[in-house]
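Visitor: fold the stuff below for me.
(chains A, B, C and D)
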Protein chains: 4
Amino acid sequence: MITTNKIIRDPIHGDIKLEGLFLDLIEAPEIQRLYDIKQLGFAHLVFPGAHHTRLEHSLGTYHMAQKAAEKIDLKKDEREIIACAAILHDIGHGPFSHTLEFILRDTLSADHVDLTEKLIFGEHVIFNKKEKEFIISPSVFEILNKHSIEQKEIANIIRGKTNKKQYLGQLLTSPVDVDQLDYLIRDSYYTGVAYGMIDIERFLQTLIIYDYQLAVRKKGVGVLENILMARNLMYSSVYFHKTVRIAELMLSKAIEKIEDADPFEFFKMTDGELLNDLKKKGPFQYEIATRLKYRKLFKQAYATSRSTLDKSGIDIIKKLEKLKYRREKEQEFEETLNLPSGHIIIDIPSYELTQAEPRIKQTDIKIVDENKIKRLDDFTPVAKAIRSRDIPEWIVMIVTDEKYKDIVSKNAEKILFG
Amino acid sequence: MITTNKIIRDPIHGDIKLEGLFLDLIEAPEIQRLYDIKQLGFAHLVFPGAHHTRLEHSLGTYHMAQKAAEKIDLKKDEREIIACAAILHDIGHGPFSHTLEFILRDTLSADHVDLTEKLIFGEHVIFNKKEKEFIISPSVFEILNKHSIEQKEIANIIRGKTNKKQYLGQLLTSPVDVDQLDYLIRDSYYTGVAYGMIDIERFLQTLIIYDYQLAVRKKGVGVLENILMARNLMYSSVYFHKTVRIAELMLSKAIEKIEDADPFEFFKMTDGELLNDLKKKGPFQYEIATRLKYRKLFKQAYATSRSTLDKSGIDIIKKLEKLKYRREKEQEFEETLNLPSGHIIIDIPSYELTQAEPRIKQTDIKIVDENKIKRLDDFTPVAKAIRSRDIPEWIVMIVTDEKYKDIVSKNAEKILFG
Amino acid sequence: MITTNKIIRDPIHGDIKLEGLFLDLIEAPEIQRLYDIKQLGFAHLVFPGAHHTRLEHSLGTYHMAQKAAEKIDLKKDEREIIACAAILHDIGHGPFSHTLEFILRDTLSADHVDLTEKLIFGEHVIFNKKEKEFIISPSVFEILNKHSIEQKEIANIIRGKTNKKQYLGQLLTSPVDVDQLDYLIRDSYYTGVAYGMIDIERFLQTLIIYDYQLAVRKKGVGVLENILMARNLMYSSVYFHKTVRIAELMLSKAIEKIEDADPFEFFKMTDGELLNDLKKKGPFQYEIATRLKYRKLFKQAYATSRSTLDKSGIDIIKKLEKLKYRREKEQEFEETLNLPSGHIIIDIPSYELTQAEPRIKQTDIKIVDENKIKRLDDFTPVAKAIRSRDIPEWIVMIVTDEKYKDIVSKNAEKILFG
Amino acid sequence: MITTNKIIRDPIHGDIKLEGLFLDLIEAPEIQRLYDIKQLGFAHLVFPGAHHTRLEHSLGTYHMAQKAAEKIDLKKDEREIIACAAILHDIGHGPFSHTLEFILRDTLSADHVDLTEKLIFGEHVIFNKKEKEFIISPSVFEILNKHSIEQKEIANIIRGKTNKKQYLGQLLTSPVDVDQLDYLIRDSYYTGVAYGMIDIERFLQTLIIYDYQLAVRKKGVGVLENILMARNLMYSSVYFHKTVRIAELMLSKAIEKIEDADPFEFFKMTDGELLNDLKKKGPFQYEIATRLKYRKLFKQAYATSRSTLDKSGIDIIKKLEKLKYRREKEQEFEETLNLPSGHIIIDIPSYELTQAEPRIKQTDIKIVDENKIKRLDDFTPVAKAIRSRDIPEWIVMIVTDEKYKDIVSKNAEKILFG
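Guide: Okay, the predicted model is just below:
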């Protein structure tokens, strides 16, 4: 008997059924690699349950896309295409998910979506040369060809840009989309932080297509407020938790200091491969990899919030958003305080946050009330409050080796703001 | 202000509080290494949520030990010592938990408990030489010294052997112990398989010490039946799931075929380190590591259950329990069918199961009824039924590369049973 | 716009959707009355969360029937008919569910299924005469007519007796059916006793129709063991909890002692109506109603288990199964010990258990293995063990007012066994 | 052996342990009566799981009080007194909880807290005269005497007014208190509406006493935002759900139209008693009781929101807040449209909401940051947004019998606003 479908047990959504195209996709090496890409980078160093991966999130997003497509009664071919984009939307993620993206952005003005696109279009190969000998599974590109799926269409949905049928792109990439539905509840489940336990069923009930746009019925305003708030609280308490952030900064610094690093080569790796590879790249990289393994992290030596700064302070922060200037400042610290290279890191998180997750400040969801389109702000003051809420609480943070903490603390303001 | 305690959020038990001795232990490199030892080896290849690690299980067992100690009203020093044994009981686990233990058993007649003991006694160092440069945290051995904890006492509890106060050892290692309370519910949570969702509170309510033995009050018979059944069902459907087992057999074979391997060197590694190290050990090892990375597993070519075999068949199985004879048989397959070395594996799981988890067949729990000790079998026929229940369903299985599956299938019985 | 469907939020199954026929049925007075029939009688006196009602269980059973019908791919008309039987299967339940059924059985040789049937066939009206003035909603009988549903077919499914298509009856009434799937998990949820938290999805995945019979695929053996065990444990610890049982016995006694009571009149009432009506029926009934309101229950004065009795003891228990003989014995107690009438009750639960829930001892589920039908006992020793497991632990119990407890205790054996 | 403690299984908090004073209190008739007072009035007519009662909420609040007292390290006697107030805080609730309170307010300028106080002080007896014959359990007043607990102190805590130790009152009655911790999560659990699933442990971790005031550490800002939002969303979607509100209005109207009703007599009843008693009070009351039993509710004929009204409209709403004027308006409707008395009800919910739950608009929680007291508004814009958020969405609603719905709809604006 030929197996024509497969049922996978997901702790969040229960049984997830795959058949046809999706049965092929789940076997593709680009998807299988996600088994070793942690969804939340180093969050497990603070929340020890958070070892979940992009693979299960990809499955979950696929499942949410199917559910949503059913609720808004999409046609069969639209369902297939949105579910396909959903299962593939994260294949371009590098090791530790968002952690290393700033490098892509800085060196190639690219991000994980660009890499996802390259993989979908077959312009990039996920294998190491040698691996290819042993694994003959078709790539995502080849599978899409076999099933006559237009790669361009998938890429457009992942970018949230679908010409006429805007609802397709919006389902996967918009202020409230199926990607978020899955990750909020999944991250809550594995961290044990309840904020993200949103009411998915209630949200899906209120979805509607209006003039080719994805919209929400008026009765969905409450569940929208709930989701927006949940997302914000998860960012404050999990994704931008101070200790998690420090581990990410350490890894970033170690990668950045590798000479002649090819960003794409790093991006193809898994979490495990990167940490092991790092040890071969030099003593600083060896140190960081070892520290991450045994959780001997740098400490926060200085931090301040937006409200404590005056205009000139804010201007300096503004300048520090530029990587180049930030690195110069770090060098100034190293030289002034006589610290070994790489042992001081300046963090300006807000810039990176809005780069990595532009949806966090977006609340422009269309509400359908009595057959007219209105704005969420017409119904609740909460959306606006969320837009102006600070994440994380620090606007600048300096981290360093525990043994330099005191000296950095004492001199931080002076060096930073002159 | 000095931080004198730390609260860790666990998705299963909620907030877990650590102070004093335990605050030190949680920072020890032997514990931190467990962040990258998956609790269930390769179970995530079937249950994609099952990435949880020995670190969180160690925390959970510590927490369960504290709770149980409170319920049976242990004295302060006993509570400390049982909690200490609980948090340390798994530090000797090698990468992928139980997967590689047969090697220790076969080459050194040792297991993970022996290694745990060596680490506690300071007879073994968890670091690679080079790592030691960067990490100066005290070892478990040193921390126990600092807090004047007798290493011997901890080791005895972990072995379930405590002279007079037998209840101490029984709390951690006996037919129903706090180790199992944690892992059943934790494995259920992360796999999404509900069987292990036992009623921990109800069980703890019924615990009692009777004549220096840990026992259960009569009203606890129901919850005991529930736990025994849960454990059995988790073994059948998760721990000995066919596909999980195949991945484990593949890794074992790859390790076994490394020449001059030092078992202890492997045991010190993390999951990630082992998979990466494997690629350097030869082409067969490279192949297996790559197959595991992309989930291109061997397939079951043959399997049979106990009930289908006659006396002579059972005798052959008995002989195959010996690793040496099994390897000879595998070679016979390779030569007869002209298969490349390492591409056929014979599995005789029952022997390994009872070696790895002797508790699975144990139901001899003491029941206190009207101030007398009785046996669980006096109260329910379920315990006996569980003892005679088969796990897994196959008594012998042969796995091989997909492309040799047919030829192996056809010839299996003949070669196996002559 | 006309509302053509309704979505009801159930804490167990999430959103439940109703349309067409089911939208009408949910408004029928026979269904609405179930809002005030507690699913577990007096279980809330022990488990304070257990206030859930037959209404939500009826909805849940309907939902489970829809899910099961989808899994085994029933045709549209079969789906409708099984879902219809599911939503109606409990409309004949009297107040406090099973509590008063022994009266129907004793006086009319009838049970709640007979009353359900009468309501479906329109032979009985749920209203009081006066209520009918205010409520003009069509009855279940009329709604079925309107939608051209054969009443006979519904009744047959509820009895588990469907000629050719035996699977239809088996879906709702057989050793493991959708009725149980719902009540096990629902009763667990509201009592907080985890035993009933079965894996519904996994069970439904394994269902198959084989030769017009409902059967389970071999891979479903584990989940079946889990369900059978769950059911047994829920009976021991919840449904036949001693205190719950005492409250039920008290109510039964109060009803029984009403002169010229019309059983059907009682059965039409809701829980609230019965408790209020009782106060008007005489001083003993007033006392019992007041005791139940303030939870001043009778106490267990004597109990013994099967294993403590010899042959002649068992023979006497056998005789006591007859209500008439039991009442004579109670009178003997009252006269010998000079107790006021009604203040002593003898309980022989096993007879009543098998009358009320014959499924509890049934484990004859058909297993399909390699396209052949086998028995569950061929795969696991657990089923047999469950059949021989005692529920509850007492074979006879005597309860009385707290102030007579001592004197009854002292004389119980003598009076009971002569 | 004497039972010295009792363990009650709660589906929300797990095992709850009672001993000493609390073992006595739980047996008091005032507490036992709460077994038949639904926590959420008629919410089960929309959310069929919502049958939970004030009894389990009282236990849960007691449990939360114990936990909070432990976290902020209260002394033994303070713990006892706060737990005692917690378990008693709702004994004055009438049938269907808040539904009938407007009558107390209107006729006696009293509310359920006043009645609670009378019961604590022994100034009121919970029994009917006849019941007293059968139940000799001591009252709450007597139990407090027996255990030498000052009744006055308990009453002060329930009112949130404790002279010096303000934190005691604040624990039970303040913008975020243990009462709300329990009801938010409990109401979520039984309705299946996830909004109230707050993170209780995290909140309790952040509690601190500062200058005799209950305060929250800065790190608790996120969980506070979560709780405030949860409370608001539960009000919008559950407590003030339109259909739930209509059922409440119907019952209120039925009670109000009883001549010479003694409010205290009604307040002593249980839900079941009230519904049964109602049928004896006249044909209108019989009709309403029957409609509620079979869920044949009045319909919304008109509703408008604040934003659609001009100044003069708002002024009229203001006037309608007075019961007397509202009743006159209803009479005008009846006379103008020739409707039977009692079949039209005008609802002005906001006034009643702030009377019944003043905490809903309160967000003035003290935050401790760097050893200084600050306001929640200093840390997040969300608190302010919540204060200005409308609950429910209608500022005025008119409900009537389905058959008069059209005529009322057509004439509503004209009659209402002239």
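
Visitor: so how far is B:Gln32 from A:Arg291?
Guide: 10 Å (C-beta to C-beta, to the nearest Å). Bear in mind the C-beta positions are built from the backbone N, C-alpha and C, glycine included.

Visitor: my error: substitute A:Pro138 in the last question.
Guide: For A:Pro138, the distance to B:Gln32 equals 40 Å [C-beta to C-beta].

Visitor: chain B contacts on the stretch 1-150 of chain A?
Guide: A:8-12, A:14, A:27, A:29, A:32-33, A:35-36, A:44-45, A:47-49, A:51-53, A:55-56, A:59, A:130-131, A:133-135, A:137 (C-beta under 8 Å from any C-beta of the partner chain).

Visitor: just checking, what's the longest helix in chain A?
Guide: Criterion DSSP state H: the longest helix present in chain A is helix A:54-71.

Visitor: so how far is that helix off the chain centroid?
Guide: For helix A:54-71, the separation from the chain centroid amounts to 16 Å (computed by C-alpha atoms, centre = their mean, to the nearest Å).

Visitor: looking at A:Pro138 and B:Gln32, which one has more neighbours?
Guide: Shown here are A:Pro138 and B:Gln32; by other C-beta atoms under 10 Å in any protein chain shown, B:Gln32 has more neighbours (19 against 15).

Visitor: pretty sure the more buried one is in a helix, no?
Guide: Yes - assessed with DSSP: H, G, I helix; E, B strand; the rest coil, B:Gln32 lies in a helix.

Visitor: for it, list the residues it contacts.
Guide: Shown in contact with B:Gln32 (C-beta atoms under 8 Å, 6 or more residues apart in numbering or on different chains): A:Lys293, A:Tyr294, A:Arg295, B:Leu55.

Visitor: wait, the third one sits on A:Leu45?
Guide: The one in question is A:Arg295. Yes - judged on C-beta atoms under 8 Å, A:Arg295 makes contact with A:Leu45 at a distance of 5.6 Å.

Visitor: which bits of the stretch 151-300 of chain A sit near chain C?
Guide: Taking C-beta under 8 Å from any C-beta, the part of the stretch 151-300 of chain A that reaches chain C is made up of A:Glu201, A:Arg202, A:Gln205.

Visitor: for those residues, which entry has the maximal number of neighbours?
Guide: A:Arg202 (23 neighbours).

Visitor: how about that one, nearest residue that isn't a chain neighbour?
Guide: In space, and not counting its chain neighbours, A:Arg202 is closest to A:Val223: 4.7 Å by C-beta to C-beta, 6 or more residues apart in numbering or on different chains.

Visitor: measure that neighbour to chain B for me?
Guide: 24 Å (C-beta to the nearest C-beta, to the nearest Å).

Visitor: for A:Ala261, same thing?
Guide: Distance from A:Ala261 to chain B, counting by C-beta to the nearest C-beta: 18 Å.

Visitor: same check, this time on A:Glu321
Guide: To chain B, A:Glu321 is 31 Å away according to C-beta to the nearest C-beta.

Visitor: also A:Gln205?
Guide: The gap separating A:Gln205 from chain B is 24 Å, by C-beta to the nearest C-beta.

Visitor: show me what the strand or helix carrying that residue is packed against.
Guide: Using DSSP states H and E, A:Gln205 sits in helix A:200-206. Packing contacts for helix A:200-206, counted by 3 or more C-beta pairs under 8 Å, 6 or more residues apart in numbering or on different chains; DSSP states H and E, involve helix A:54-71, helix A:178-191, strand A:213-217, helix A:221-234, strand C:14-19.

Visitor: just put the ones you listed in CSV and tack on mean neighbour count and distance to A:Pro392.
Guide: Formatted as CSV, the helices and strands packed on helix A:200-206 follow (neighbours: other C-beta atoms under 10 Å in any protein chain shown; distance: least, C-beta to C-beta, whole Å):
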stretch, mean neighbour count, distance to A:Pro392
helix A:54-71, 24, 22
helix A:178-191, 24, 16
strand A:213-217, 19, 29
helix A:221-234, 25, 11
strand C:14-19, 16, 34
